[in-house]
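Okay, here's the prediction I keep looking at, along with the sequence it came from:
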Amino acid sequence: MMPTPSANTKEETCSSSKPPPAAVKVSLTSSEAQSPDPESKDQSGSGTAVISQRDVLFGRGRRATNHAGNIYFRTLVSQHQPVYVKARKVEKTAIAKSIVADIRRENRRFLRKEENNNGEIQWIDVGDKMACAKTIQALREGLGEKMRE
C-alpha cells in the first residue's frame, strides 16, 4: 500500500537526503556597495563575505529583479521549463533540485535580507530546502502560456 502524501508536500518535495549547509550570515550595511567579485571580503578584516553579483537574492522589487545572479537564475529556470511542463511530480522535484545543485556548484548562494538589532542589514543563506522551494515556484511561473504552445 502506498503512503498517503501529507498536506505539507512543498516541504517534503524540497527536502534532501543531506542536511542543508549551515546558515551563513553575510553582513552588508546600507552604505556598502555590492561587490561583483564573489570572493571579495569586507575591509574590516572579519572575513565576512559581502553580497556578490553571482548570488540569487530572495525578495521583491527592482533590486532583486535586476540583480545579475537573479537574471542568471531566471535564465537557467526558463531553459528547464519545457522539460518541467511535461514531467511527472517526482521528476519535477528532481529538476528543481538539479537547478539548485548547479547554482551551488558554481559557488553561488541563495540569500535573503535580514536586519539585525543594530540596524545592519545581513544577507543569510537560506539553505537548499528554501532554495528548492523558490526554484519550484520559478519553474511554475508563466506555465499557462507555455502549456498552450
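Arrived safely, thanks for sending.

Am I right that Cys132 falls within a helix?
Yes - according to DSSP: H, G, I helix; E, B strand; the rest coil, Cys132 belongs to a helix.

burial count for it?
25 (other Cβ atoms under 10 Å). Quick note: C-beta positions are derived from backbone N, CA and C, even for glycine.

That one against Ile95, yeah?
No - using Cβ atoms under 8 Å, Cys132 is not in contact with Ile95; the gap is 10.3 Å.

Spatially, what comes nearest to Leu57 if we skip its sequence neighbours?
Ala64 (4.6 Å; Cβ to Cβ, 6 or more residues apart in numbering).

That neighbour reaches Arg74, doesn't it?
No - using Cβ under 8 Å, Ala64 makes no contact with Arg74, being 10.6 Å away.

Check which element follows the helix or strand of the chain with the lowest mean pLDDT along the chain.
The helix or strand of the chain with the lowest confidence, counting by mean pLDDT, DSSP states H and E, is strand 25-27 at a mean of 42. The first helix or strand that comes after strand 25-27 along the chain, using DSSP states H and E, is strand 56-57.

Counting by contacts, list what that next one packs against.
helix 68-86, strand 110-115 (3 or more Cβ pairs under 8 Å, 6 or more residues apart in numbering; DSSP states H and E).

CA atoms only for the longest one - export them in CSV, please.
Meaning helix 68-86. Extracted as CSV, the C-alpha positions of helix 68-86 are listed here (Å, rounded to 0.1, in the frame of the first residue of the first chain):
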residue,chain,number,x,y,z
ALA,A,68,22.8,39.7,-12.1
GLY,A,69,22.5,36.5,-10.1
ASN,A,70,18.7,36.5,-10.3
ILE,A,71,18.8,37.2,-14.0
TYR,A,72,21.1,34.1,-14.4
PHE,A,73,18.8,32.1,-12.2
ARG,A,74,15.7,33.0,-14.3
THR,A,75,17.6,32.1,-17.5
LEU,A,76,18.5,28.7,-16.1
VAL,A,77,14.9,28.1,-14.9
SER,A,78,13.5,29.1,-18.3
GLN,A,79,15.8,26.6,-20.0
HIS,A,80,14.3,23.8,-17.8
GLN,A,81,10.7,24.8,-18.1
PRO,A,82,9.9,22.9,-21.3
VAL,A,83,11.0,19.6,-19.7
TYR,A,84,9.3,20.6,-16.4
VAL,A,85,5.9,21.1,-18.1
LYS,A,86,6.0,17.5,-19.3
